[in-house]
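Asks: need a 3D model of the following:
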Amino acid sequence: MWTLDPNLGKVFAALCEDAGTPFAKTLLELAKNKRWGELFTMKVSPGDYSSSIAYMLDNSLVDFLRKLDVDVGLNLEEKAEEAFYASEHQCLRTNLRLSKFESNASLESGDLRIWDFIAQARKNMRDIVGGIPDDLDMAFGKGSTFCTKAPLTTVPDKIENGPSSTEEALALLPLFSRTAWARSLSLRRRYTFPVVKGNRFDTVTKDSTKRRGICVEPALNLVYQLAVGRRFKEKLMGYGLWLQPEPEDPLIFLRLGGLDLVRGQPLHRELARAASKSGRHATIDLSNASDTVAKLLVKLLFSEQWYELMSLLRSPKTFIRGRWVNLEKFSSMGNGFTFELETLIFAVLALTYAQSVGSSARLGQGIWVYGDDIILESDLSEGFLSVLKYFGFTPNERKTFTKGPFRESCGGDFFDGDPVRAHYVKKEPEAPADWIALANGIRRLEKFGSDFWNMHYKRAWYRCLDQLPANIRRMRGPESLGDLVVNDPNPSTWRVRDARKSGRTEMKVIQVYQPIPEVLPWTHWHAEVQLAAALYGAESRGVTPRGAVSGYREEWIPFL
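Replies: Down below sits the predicted model:
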């Protein structure tokens with residue numbers, strides 16, 4: 001049976017004791033009695049609180065440990081598989097419900113309004129994405145593919161092997177044959193393309209009570225899925241009014257039209273903050289959004305050419321628990337265009353609904369979508385939620401806010417304009433770098449002034465610093481340096497000195513705890529692989545596997 005690390009337990013106890021609320025006392029009692037299953041499933045609702053401070057105190061506790069990847073006996077893998085099948089059944093019901101609109105010959109009078117809605121949504125989709133591209137420049141992702149698993153997921157590792165593919169995606173081999181990857185395989189006389197029936201089911205940690213299902217795609221499918229996703233990003237950004245944004249202010253362009261999936265998160269957070277005060281906009285979140293995009297919905301909304309191209313690239317089946325399952329969903333998380341596809345679908349449905357009720361709201365002007373994070377005018381929210389339900393989606397009632405003082409979007413939580421986002425511990429701290437990151441997370445809870453932080457969080461912060469060697473504990477600096485230093489707003493605590501050259505002060509340097517990335521030399525791979533990887537943008541100094549750190553060192557770096 002898992003139990004909490006004692007030092008992390010001291011931090012949590014300090015947080016609970018200094019919060020001093022009845023809820024905090026309940027959580028501390030559960031922790032002392034090692035009732036982890038109960039503790040991790042505790043929740044708070046902003047609707048139960050009358051002030052941002054009261055909500056912040058309890059929410060920062062209930063969410064503090066929730067994202068730990070630990071086994072507390074909740075059968076998370078089994079629940080993730082159950083969720084996979086539940087989503088498939090939901091998509092099947094959606095496909096059956098929409099099947100009559102594939103051909104409008106047998107529509108009843110009550111269906112005509114829905115048919116008109118679908119026809120307008122299809123037109124809006126066409127206006128946004130246009131026709132299919134003449135060419136696709138493939139792109140590499142950072143994760144695993146059907147035949148490559150961590151840690152062998154770097155670009156040269158993937159180029160080293162012939163790409164796995166579904167039978168349908170083999171139609172793109174003429175396009176693939178013109179790539180540097182194909183040339184490297186030819187030079188090494190590697191002509192095999194493992195053909196698989198689809199993707200394979202896997203899970204990743206969402207929090208201590210849930211693992212999220214993902215599906216790992218074949219490599220050939222994935223590199224062109226990513227290319228389609230990139231094309232969708234470009235189309236969404238360019239739709240509507242256009243002005244070149246100032247680099248330091250991404251909000252300017254986004255308020256004039258279009259949706260920016262590269263820099264859209266700061267805008268969503270700012271909109272959620274403003275909406276929590278004004279109530280003008282609602283924030284909508286969906287449960288299992290990507291897994292409930294039904295095949296027929298995609299077919300109805302996209303042109304025949306786009307549907308055929310995406311169908312070539314999608315996986316028609318998923319390998320789960322030893323067997324292949326035919327998919328009712330169109331794509332899942334793991335597919336390289338799923339995020340952009342769901343953004344497009346929700347944006348088009350929202351835009352079409354606004355048009356149908358005579359609203360002037362447009363994308364980037366009253367309607368904003370980033371994946372399944374949706375913001376739109378509050379007056380439109382009730383009707384739009386009904387539209388989402390009809391087309392097969394399930395609003396997450398716990399994370400959808402259409403009234404009241406709370407809104408959340410893209411990692412920003414706001415109560416009457418105040419930021420109330422908690423800090424999540426995603427792994428139990430072991431090394432000094434982990435304790436620095438935890439201390440900095442607690443420091444970021446300083447959202448209601450230093451007196452509030454000193455009263456409720458300072459003692460927990462010091463308990464993190466107690467775990468650091470004295471020389472590392474003294475490496476303090478501003479929040480802008482991230483976890484290279486212990487964040488401290490007091491400049492007098494920073495270890496800063498002048499950097500001198502020929503007796504003249506040029507700049508200041510600050511002492512930091514610097515990670516040393518693990519770098520694999522190019523000699524690990526064939527010369528042909530090295531050349532192809534270089535053409536895809538790999539660095540000449542070598543290859544760093546995802547997240548690989550060989551150690552840390554104390555270092556002085558330039559600081560302005």
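
Asks: select the longest strand from the protein.
Replies: The strand that spans the most residues within the chain, counting by DSSP state E, is strand 504-517.

Asks: which parts of whichever helix or strand comes after that strand are buried?
Replies: Following strand 504-517 in sequence order, the next helix or strand is helix 527-535 (DSSP states H and E). Neighbour-count burial for helix 527-535, with 16 or more other C-beta atoms under 10 Å as criterion, is recorded at 528-530, 532-533. Where C-beta positions appear, they are placed from N, C-alpha and C, glycine not excepted.

Asks: try stretch 36-47
Replies: Going by neighbour count (16+ other C-beta under 10 Å), the buried part of stretch 36-47 is 36, 39-40, 42, 44, 46.

Asks: span of that stretch from start to end?
Replies: The separation between the terminal residues of stretch 36-47, taken as C-alpha to C-alpha, to the nearest Å, is 25 Å.

Asks: for it, what is the average pLDDT?
Replies: Averaging pLDDT along stretch 36-47 yields 92.

Asks: low-confidence ranges, the protein, go.
Replies: For the chain, applying pLDDT under 70 flags the ranges 1, 105, 191, 240-257, 500-506, 560.

Asks: so R398 makes contact with P46?
Replies: No. Here R398 lies out of contact with P46, judged by C-beta atoms under 8 Å, at a distance of 10.0 Å.

Asks: which parts of the stretch 251-400 of the chain are strands?
Replies: 281-284, 286-287, 317-320, 323-326, 362-363, 366-370, 373-377, 394-395 (DSSP state E, counting those that start in this stretch).

Asks: pick the most deeply packed of these.
Replies: Most buried of the strands of the stretch 251-400 of the chain, by mean neighbour count (mean count of other C-beta atoms under 10 Å): strand 281-284, with a mean of 26.

Asks: could you dump the strands of the stretch 251-400 of the chain to a markdown table with distance to E102?
Replies: A markdown table is the format used below for the strands of the stretch 251-400 of the chain (distance: least, C-beta to C-beta, whole Å):
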| stretch | distance to E102 |
| --- | --- |
| strand 281-284 | 28 |
| strand 286-287 | 24 |
| strand 317-320 | 22 |
| strand 323-326 | 18 |
| strand 362-363 | 27 |
| strand 366-370 | 26 |
| strand 373-377 | 27 |
| strand 394-395 | 23 |
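
Asks: so which of those gets nearest L68?
Replies: Closest to L68 of the strands of the stretch 251-400 of the chain is strand 286-287 (C-beta to C-beta; 22.1 Å).

Asks: off-centre distance for that closest one?
Replies: Strand 286-287 sits 14 Å away from the centroid of its parent chain (C-alpha atoms, centre = their mean, to the nearest Å).

Asks: equivalent analysis for stretch 179-196, please.
Replies: 32 Å.

Asks: in stretch 226-242, what counts as buried?
Replies: Within stretch 226-242, the residues that qualify as buried by neighbour count (16+ other C-beta under 10 Å) are 226-233, 235-237, 239-240.

Asks: stretch 160-180 too?
Replies: Neighbour-count burial for stretch 160-180 [16+ other C-beta under 10 Å]: 160-166, 168-169, 172, 176, 179-180.

Asks: just stretch 53-63 next, same as before
Replies: 54-63.

Asks: list of residues touching it?
Replies: With contact meaning C-beta atoms under 8 Å, 6 or more residues apart in numbering, stretch 53-63 is reached by 12, 15-16, 19, 21, 23-24, 27, 42-44, 46, 49, 406, 413, 415, 418, 420, 422-424, 445, 447-448, 452, 456.

Asks: can you check stretch 78-88 too?
Replies: Counting by C-beta under 8 Å, 6+ apart, 201, 203, 210-213, 288, 291-292, 318, 320-321, 325, 327-329 sit against stretch 78-88.

Asks: and what of stretch 124-142?
Replies: Residues from elsewhere that reach stretch 124-142 (C-beta under 8 Å, 6+ apart): 153, 155, 158, 175-176, 179, 181, 222-224, 226-228, 230-232, 235-236, 239, 301-303, 305-306, 309, 336, 344, 347-348, 351-352, 355, 536, 546.

Asks: out of those, list just those in helices.
Replies: Judged by DSSP state H, these include 155, 158, 175-176, 181, 222-224, 226-228, 230-232, 235-236, 301, 305-306, 309, 344, 347-348, 351-352, 355 as members of helices.

Asks: separation between R459 and L27?
Replies: According to C-beta to C-beta, to the nearest Å, R459 and L27 sit 16 Å apart.

Asks: what ranges do the helices span in the stretch 1-150 of the chain?
Replies: Counting by DSSP state H, counting those that start in this stretch, one finds helices in the stretch 1-150 of the chain at the ranges 6-19, 22-32, 36-41, 52-62, 76-98, 112-129.

Asks: and stretch 381-390, how far out from the chain middle?
Replies: Computed by C-alpha atoms, centre = their mean, the chain-centroid distance of stretch 381-390 equals 24 Å.

Asks: that one: which residues count as buried?
Replies: Buried residues in stretch 381-390, counting neighbours by 16+ other C-beta under 10 Å, are found at 381, 384-385, 387-388.

Asks: then that stretch to PDB, C-alphas only?
Replies: Taking C-alpha atoms only, stretch 381-390 is exported to PDB below (Å, rounded to 0.1, in the frame of the first residue of the first chain):
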ATOM      1  CA  SER A 381     -24.400  29.200 -23.600                       C
ATOM      2  CA  GLU A 382     -27.600  27.400 -22.800                       C
ATOM      3  CA  GLY A 383     -28.600  26.800 -26.400                       C
ATOM      4  CA  PHE A 384     -25.100  25.900 -27.400                       C
ATOM      5  CA  LEU A 385     -24.800  23.300 -24.700                       C
ATOM      6  CA  SER A 386     -27.900  21.700 -26.300                       C
ATOM      7  CA  VAL A 387     -26.200  21.700 -29.700                       C
ATOM      8  CA  LEU A 388     -23.200  20.000 -28.200                       C
ATOM      9  CA  LYS A 389     -25.300  17.300 -26.600                       C
ATOM     10  CA  TYR A 390     -27.200  16.600 -29.800                       C
END
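
Asks: surely A350 is in contact with S381?
Replies: No. Applying C-beta under 8 Å as the test, A350 and S381 come out as separate, 9.9 Å apart.

Asks: just checking: what are the partner strands of the helix or strand containing E408?
Replies: E408 is located in strand 406-409, with elements delineated by DSSP H and E. In the sheet, strand 406-409 lines up against strand 412-415 (antiparallel) (DSSP bridges).

Asks: helix or strand right after the strand it pairs with?
Replies: As assigned by DSSP H and E, the chain's next helix or strand after strand 412-415 is strand 418-419.

Asks: can you give me the buried ones in stretch 456-463?
Replies: Buried residues in stretch 456-463, counting neighbours by 16+ other C-beta under 10 Å, are found at 456-461, 463.

Asks: same question for stretch 305-315.
Replies: Neighbour counts using 16+ other C-beta under 10 Å place 306-307, 309-311, 313-315 of stretch 305-315 among the buried residues.

Asks: closest to S106 out of the residues you listed?
Replies: Nearest to S106 among the buried residues of stretch 305-315, with distances taken as C-beta to C-beta, is Y307, at 21.7 Å.

Asks: who touches that closest one in this structure?
Replies: By C-beta under 8 Å, 6+ apart, the neighbours of Y307 are 298-299.

Asks: okay, now V496: neighbour count?
Replies: By other C-beta atoms under 10 Å, 15 other residues sit near V496.

Asks: looks like it contacts M507 (just checking).
Replies: No. Using C-beta under 8 Å, V496 makes no contact with M507, being 10.5 Å away.

Asks: what do those two both touch?
Replies: F559.

Asks: on that earlier part again, which among the buried residues of stretch 456-463 gets closest to L8?
Replies: L8 has its nearest neighbour among the buried residues of stretch 456-463 in R463, at 9.2 Å by C-beta to C-beta.

Asks: okay, the angle between the helix or strand harbouring T205 and helix 76-98?
Replies: T205 belongs to strand 199-207 when assigned by DSSP H and E. Our comparison of strand 199-207 with helix 76-98, counting by axes from the mean of the first three to the mean of the last three C-alpha atoms, to 10 degrees, yields an angle of 120 degrees.
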